[in-house]
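Novice: Let me see the structure of the following:
(2 chains)
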Amino acid sequence: MPSPKPAAKPKKIEPPVIGAVSKKGPAPLPLVRGMRDILPAEWPYWQKLFREAERLAEEYGYERIETPAVEETALYVRGVGKATDIVEKEMYSFETMGGEKVSLRPEGTAGIGRAYIHHGMLNKPQPVKLWHWSPMFRHDRPQSGRYRQFWQFGLEVLGDKDPVLDAQTAFMAWRLLKAVGVESTIHINSIGTPENRTHYKNALTAYFRTKRHKLSEDDKKRLLKNPLRLLDSKDPGMDELKAEAPQIVDWLDEASKAHFMRVLEYLDEAGAAYQLDPYLVRGLDYYTQTVFEILPVVDTPESSTGSFAGGGRYDGLLELLGGRPTPACGMGMGLERVVARMRELEPDLGAVKTREVFVAQLGEQGRKKAFALFEDIRAAGIRVGECLSKDAIKAQMEMANKMGAKWAVIVGQKEVLDGTAIIRDMDAGTQETVDARKVVHELQRKLGKA
RNA sequence: GUGGCCAUGGUGUAGAGGCAACACAGCGGGUUGUGGUCCCGUUAUCACGGGUUCGAUUCCCGUUGGCCACCCCA
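Specialist: Okay, the predicted model is just below:
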């Protein structure tokens, strides 16, 4: 018989021990849930993506803006929408010591809208085109391609309602992905005006009520809570029900229809890969007219990460935030997802950095000389490596080899006294002694850079 | 918020109710100033807490974390 369990004592929860652990001293701290490090091996992809994004934005006349990661909670409640999932269950909200109710930004548009109003950007030539590259925070359950802190590249165009802008922001996102080798398709739809949407929602609800017996439990809930969501339900029986369902295009007013047609015409003209998706609706309240989402062409098993980017027009937002009625549109791109895809496509980009030359040293005199010599070689535009902190020449030669250096420059006690340095051919295993002052020139000659 | 799977050195893995194994990486060596091969040494309270047991890293429960899916989204 098992003996009666002793009452469980309330125990302090020790953080799990991860990584290199010292035997004494405090336990290492774990990573906060849903957070991740971007390690050196990943950095080349981020850099490539950032450079392309920056170049594209500038070429299209966008200016960079960075708004605070912390804003009044009310900004998002009003901007993104009180009833949205982002606000209802995914915000990092807290009260500061001073009693302010603030949130970590869950998306970029509301903050930029706030900045536009705050700084009176309506007095600038319209439209105002802004881009940003910043971390976002959502207290969502971590999953593939989904983190609680994630980076977004965003474009926002404020102060003009022309459909060419809707097309341009979608196109730019698509174009950026293409520039880093990622194939994608723009899935696009129009949800018209809020009035159009209300009418359509009613029609849709009416339709699905007649099919209620065929809906799954989840879908029945959606029918009550947010009927538009029924359209992207993954329930297998849904496809045939959807085929018969009313489509929002049929409920758009003439102006909205015309707007949407023009967006599509511009995309045709630009040669962007897009497809109409009559069932695309988006979760944020502020969208009007055009909505789009940019999806991978192939959903590989390694990265079933959902969409790369999403965006659309949000003509009502600025007014909601207390500004004058200001039409606007934009897009946000989830950079972790893009980087994940880039890594699959180009696994070698993060490979070890190679060096043309390695400077090795021996003894304190040699180290001093090598310190200066390294600087001279580097300044001459040669990719040169070193490990001045190491004493053993053997370890340094190993390193030179790993860095793929073709030439090693060796400076020891003897060379310092003679005013020379050894240049070793790492492939041939031969070496020669040269005048220390001529090392840089000699290397340039050997590398064909002189 | 809900569900499924999982948790062993720095990394990737093996293992079994009673010594924790292998590979790679790191560091140090193989006689005093020279790399790629080879050899040797060194690195784990087996996530945390509790239970069952003579004995648990292995079985059970809980916690935390991870992965995946749902909800939703980037």
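Novice: Would you pull up the residue in the stretch 101-250 of chain A closest to RNA strand B?
Specialist: As assessed by Cβ to the nearest atom of the strand, RNA strand B sits closest to residue A:144 within the stretch 101-250 of chain A, at 2.8 Å. Yep, even glycine has a C-beta here, placed from its N, CA and C like the rest.
Novice: For burial, what's the neighbour tally of that residue?
Specialist: Counted with other Cβ atoms under 10 Å, residues neighbouring residue A:144 total 11.
Novice: for the one 5 residues further on, same thing?
Specialist: Counted with other Cβ under 10 Å, the neighbours of residue A:149 add up to 16.
Novice: same thing with the one 10 residues further on?
Specialist: The number of residues packed near residue A:159 is 19, by other Cβ under 10 Å.
Novice: same question, the one 10 residues further on
Specialist: Taking other Cβ under 10 Å as the criterion, the count of residues near residue A:169 is 26.
Novice: Which element, helix or strand, includes it?
Specialist: helix A:163-179 (DSSP states H and E).
Novice: Establish whether the next helix-or-strand element following that helix and RNA strand B are in contact.
Specialist: Once helix A:163-179 ends, the next helix or strand along the chain (criterion: DSSP H and E) is strand A:184-190. No. Contact of strand A:184-190 with RNA strand B (Cβ under 7 Å from any atom of the strand) is absent, the minimum separation being 10.8 Å.
Novice: Can you tell me the SS state at residue A:87?
Specialist: Secondary structure state of residue A:87, per DSSP: H, G, I helix; E, B strand; the rest coil, is helix.
Novice: which residues does it contact?
Specialist: Applying Cβ atoms under 8 Å, 6 or more residues apart in numbering, one finds that residue A:87 lies in contact with A:76, A:77, A:80, A:81, A:106.
Novice: re earlier: now do the helix holding residue A:169 against strand A:184-190: the angle between them, please.
Specialist: Helix A:163-179 runs at 160 degrees relative to strand A:184-190, counting by axes from the mean of the first three to the mean of the last three Cα atoms, to 10 degrees.
Novice: Which elements pack onto helix A:163-179?
Specialist: Helices and strands touching helix A:163-179, by 3 or more Cβ pairs under 8 Å, 6 or more residues apart in numbering; DSSP states H and E, are helix A:43-59, strand A:149-158, strand A:184-190, helix A:254-270, strand A:288-296, strand A:309-313, strand A:328-334.
Novice: Using TSV, lay out these together with mean pLDDT.
Specialist: As requested, the helices and strands packed on helix A:163-179 are arranged in TSV below (pLDDT from 0 to 100):
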stretch	mean pLDDT
helix A:43-59	96
strand A:149-158	97
strand A:184-190	94
helix A:254-270	96
strand A:288-296	94
strand A:309-313	95
strand A:328-334	96
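Novice: Same list, those, but as TSV with distance to residue A:222 please.
Specialist: As requested, the helices and strands packed on helix A:163-179 are exported to TSV (distance: least, Cβ to Cβ, whole Å):
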stretch	distance to residue A:222
helix A:43-59	35
strand A:149-158	26
strand A:184-190	18
helix A:254-270	25
strand A:288-296	18
strand A:309-313	20
strand A:328-334	24
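Novice: quick one, which of those is nearest to residue A:32?
Specialist: Shortest distance between residue A:32 and these, using Cβ to Cβ, is found for strand A:149-158: 8.8 Å.
Novice: Now do the same for residue A:428: helix, strand or coil?
Specialist: Here residue A:428 is coil, with the state taken from three-state DSSP.
Novice: Please apply the same query to the one 5 residues further on.
Specialist: Reducing the assignment at residue A:433 to three states with three-state DSSP gives strand.
Novice: Any residue of the helix holding residue A:169 touching RNA strand B?
Specialist: No. Judged by Cβ under 7 Å from any atom of the strand, helix A:163-179 stays clear of RNA strand B, getting no closer than 9.4 Å.
Novice: now stretch A:221-234
Specialist: Yes. Stretch A:221-234 is in contact with RNA strand B by Cβ under 7 Å from any atom of the strand, via A:222, A:226, A:229, A:232, A:233, A:234.
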